[in-house]
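# Turn this into a model:
(one chain, ligands or ions: 1)
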Amino acid sequence: MTAPTLATITAKVHAGERLTAEDALALFLEPDLLAVGQLANRVREKRHGDRTYFNKNMRVEVTNVCVASCLFCSFAKLEAHMPGAHTMSLEQAWHELSSRMDDPPSEVHVVNGLHPGLPFSYYEELIQGYKRIKPDVHMKCFTGVEIHFFAQHYGMSVREVLERLVAAGLDSLPGGGAEIFHPEVRKRISDDKATGDEWLEVHRVAHSMGMRSNATMLYGHIETFEHRVHHLLELRKLQDETKGFQAFIPLAFHPDGNGMKNLPAPTAVDDLRTLAVSRLVLDNFEHIKAYWVSSTPKIAQVALRFGADDIDGTIVHETIYHAAGSTSPQGLSYGDLVRLIREAGRTPVERDTLYNVVREFAPNEVPEAAMKVRDRKAQKHLAVLP
Ligand code: V47
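Below is the predicted model of the structure:
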């Protein structure tokens, strides 16, 4: 069979036809990045116009002690007594929020290592405490891998784990832990945690309980384009079944300080292409997020013309990527995010975790920096006038 051409794929996208695995692979191999980006941009604009979402969120990693030894991870410590291992007391974890109540986030995003020594009640109390500080804060906590670990470690079903955490105040699941589902890759990079099917099952159960969640893909290490396509199609299949995913977030691999440090980081072209192909293949996902921490704010900004309609949030204090060598800032201010989006010629929309609009900025405003340049030019010309 001959490979699909860009022309046939373009015609399919325009006709609203679903892309096949072969189409997706052809898009990953297509040398004309701008053509792929333009196609993804058209789909993005059809869904969202210029609207670009962001939120006020906060990241908390309460423990980096982890029984799993993923090859890509620069953050985890195998045992609690090892140098660099840390576990917050509940008071320390809550302080992260209570100290920010002058300008509070609308979302707390918690991701942890798989700690073997904490009681399950620690996680319940963690969530309850945040809700005591800010009752309407959205708790987006624990990856599918963590939920699977809780079920095994504390002897409960996935549903029981989720029911207890929801009773404590859990609102939704983040998309982490998905990595690459294909067993050929997963066995080599993260063999001792939830499999791809187990990760998908956690999200299936969460969706069946009415919870929403996100999905990620860790790309740019030992996986092939075929593995990426398999990953995207597995997500699309589950979304057809449950409709519970909100956003897909491709995560660029960062090589510093981990078991794959000899590999180069993915390039800007790979970042933009992966976002664009995701937008085109995941026709049943409403949002594609350019996570500025993983891709840098500069690439994330350009990605808003390559299929992405969301840029994540203020974050405040990211640690997983910074352990792996990310040179992005640990947080961006509200104003920084608005400016990044405006400069890309898009309309900033502050959202909550479930994509309810908190604040919509005026469309078509002249970007801030362009204004500054115009003003400076005007002043220069005025200065030479008699
Ligand atoms: O699961 C770990 C990844 C994820 C590295 O749901 C690495 O809105 C690259 O899932 N290089 C955690 N990636 C972050 C995450 C996330 C981020 C932003 C938004 C959302 C959301 C979820 O980070 C992990 C893992 O896949 N990761 N180490 C590394 N060296």
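
# Show me what from the stretch 151-300 of the chain comes close to the ligand.
The stretch 151-300 of the chain comes close to the ligand at residues 174-177, 179, 214, 216, 218, 249, 251, 253-254, 258, 291, 294, as judged by Cβ under 6 Å from any ligand atom. No exception for glycine: its C-beta is placed from N, CA and C like everyone else's.

# Let's see that with 8 Å instead.
Residues of the stretch 151-300 of the chain found near the ligand, taking Cβ under 8 Å from any ligand atom as the criterion, are 173-179, 213-216, 218, 247, 249, 251-256, 258, 260, 289, 291, 293-294.

# Among these, which are located in helices?
Within these, residues falling in helices by DSSP state H are 293-294.

# Separate out the buried members of the residues of the stretch 151-300 of the chain next to the ligand.
Among these, those classed as buried by 16 or more other Cβ atoms under 10 Å are 173-179, 213-216, 218, 247, 249, 251-255, 258, 260, 289, 291, 293-294.

# In strands only, show me those.
Of the positions in these, 173, 213-216, 218, 247, 249, 251-252 sit in strands, assigned by DSSP state E.

# ok, the residues you listed vs residue 120, which is closest?
Closest approach to residue 120 among these (Cβ to Cβ): residue 173, at 16.8 Å.

# Apart from its chain neighbours, what residue comes closest to that closest one?
Nearest non-adjacent residue to residue 173, counting by Cβ to Cβ, 6 or more residues apart in numbering: residue 213, 3.9 Å away.

# show me what contacts the one you found?
144, 172-175, 203, 206-207, 244-246 (Cβ atoms under 8 Å, 6 or more residues apart in numbering).

# for it, which residues make a bridge with it?
Beta bridges link residue 213 to residue 173, residue 245, judged by DSSP bridges.

# Test for you: state the pLDDT assigned to it.
Residue 213 carries a pLDDT score of 98 in this model.

# same thing with the one 3 residues further on?
Residue 216 carries a pLDDT value of 98.

# Kindly report the same for the one 3 residues further on.
If you check residue 219, the pLDDT there is 98.

# ditto for residue 75
Note for residue 75: predicted pLDDT of 88.

# do residue 329 as well
80.

# same deal with residue 314?
Residue 314 is assigned 89 on the pLDDT scale.

# and it, how many neighbours?
Neighbours of residue 314 under the rule other Cβ atoms under 10 Å: 20.

# wait, it sits on residue 329?
No - Residue 314 is beyond contact range of residue 329, at 10.3 Å (criterion: Cβ atoms under 8 Å).

# contacting residues around the closest residue to the ligand within the chain?
Per Cβ to the nearest ligand atom, residue 176 is where the chain lies closest to the ligand, at 2.5 Å. Residues near residue 176 by Cβ under 8 Å, 6+ apart: 111, 143-145, 216.

# Just the C-alpha atoms of the helix or strand harbouring residue 108, please, in PDB.
Secondary structure assignment for residue 108, by DSSP states H and E: strand 107-110. Extracted C-alpha coordinates of strand 107-110, given in PDB (Å, rounded to 0.1, in the frame of the first residue of the first chain):
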ATOM      1  CA  GLU A 107      -6.600  24.600  40.900                       C
ATOM      2  CA  VAL A 108      -4.100  22.600  42.900                       C
ATOM      3  CA  HIS A 109      -2.400  19.900  40.800                       C
ATOM      4  CA  VAL A 110      -0.700  17.200  42.900                       C
END
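
# Can you spell out which helices and strands pack onto that strand?
strand 57-60, strand 138-141 (3 or more Cβ pairs under 8 Å, 6 or more residues apart in numbering; DSSP states H and E).

# pLDDT score assigned to residue 318?
In the prediction, the pLDDT value recorded for residue 318 is 79.

# any idea whether it is helix, strand or coil?
What DSSP: H, G, I helix; E, B strand; the rest coil gives for residue 318 is coil.

# my read: it touches residue 293, true?
Yes - proximity of residue 318 to residue 293 meets the contact threshold set by Cβ under 8 Å, at 5.1 Å.

# what sits against the residue most central in space within the chain?
Against the mean C-alpha coordinate of the chain, by Cα atoms, centre = their mean, the closest residue is residue 249 at 3.9 Å. By Cβ under 8 Å, 6+ apart, the residues touching residue 249 are 175, 214-217, 288-289, 291, 312.

# give me the beta-bridge partners of it?
Under the criterion used (DSSP bridges), residue 249 bridges to residue 216.

# How far off centre is the strand holding residue 108?
12 Å (Cα atoms, centre = their mean, to the nearest Å).

# For it, which strands pair with it and how are they oriented?
Counting by DSSP bridges, strand 107-110 is paired with strand 57-60 (parallel), strand 138-141 (parallel).
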